[in-house]
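*Asks:* please find the sequence and the predicted model below.
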Amino acid sequence: MEKSGTYSVASSPLGVSYNGGTVTVYGNYIGDGAVIVVNGQKGVIKSRTVSSAEFYVPKLITPLSQEEFKI
């Protein structure tokens, strides 16, 4: 199985906020079990092709972050 040497993220992911969203990562052969980690929270694959994968971005607003940052 070939591995991708480089991954890149859409330069301006639309639909992403502190409440989560989705982001596309470009690279070959991204596996079914791939995850992204944003601020220590895991985001899983929503869909994928041979050359990219769309990931759910986890919510960054949590009860703990609301309390700590007075949001």
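*Replies:* Noted; the coordinates are in hand.
*Asks:* from here on, contacts and neighbour counts on C-alpha atoms
*Replies:* Will do.
*Asks:* rounded mean pLDDT for the strand ranked longest in the chain, please.
*Replies:* For the chain, the strand with the greatest residue count under DSSP state E is strand 41-48. In this model, strand 41-48 has an average pLDDT of 91.
*Asks:* stretch 19-28 too?
*Replies:* 88.
*Asks:* next, the buried residues of that stretch.
*Replies:* 20-28 (16 or more other Cα atoms under 10 Å).
*Asks:* how about the strands in the chain?
*Replies:* So, for the chain - with DSSP E - the strands run 8-9, 21-26, 35-38, 41-48, 52-57.
*Asks:* just those: most buried one?
*Replies:* Burial of the strands of the chain is given as mean neighbour count (mean count of other Cα atoms under 10 Å); strand 52-57 ranks first at a mean of 22.
*Asks:* in TSV: the strands of the chain, plus distance to residue 67.
*Replies:* Listed next are the strands of the chain as TSV, based on distance: least, Cα to Cα, whole Å:
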stretch	distance to residue 67
strand 8-9	30
strand 21-26	22
strand 35-38	19
strand 41-48	18
strand 52-57	21
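*Asks:* nearest to residue 66, out of those?
*Replies:* strand 41-48 (15.6 Å; Cα to Cα).
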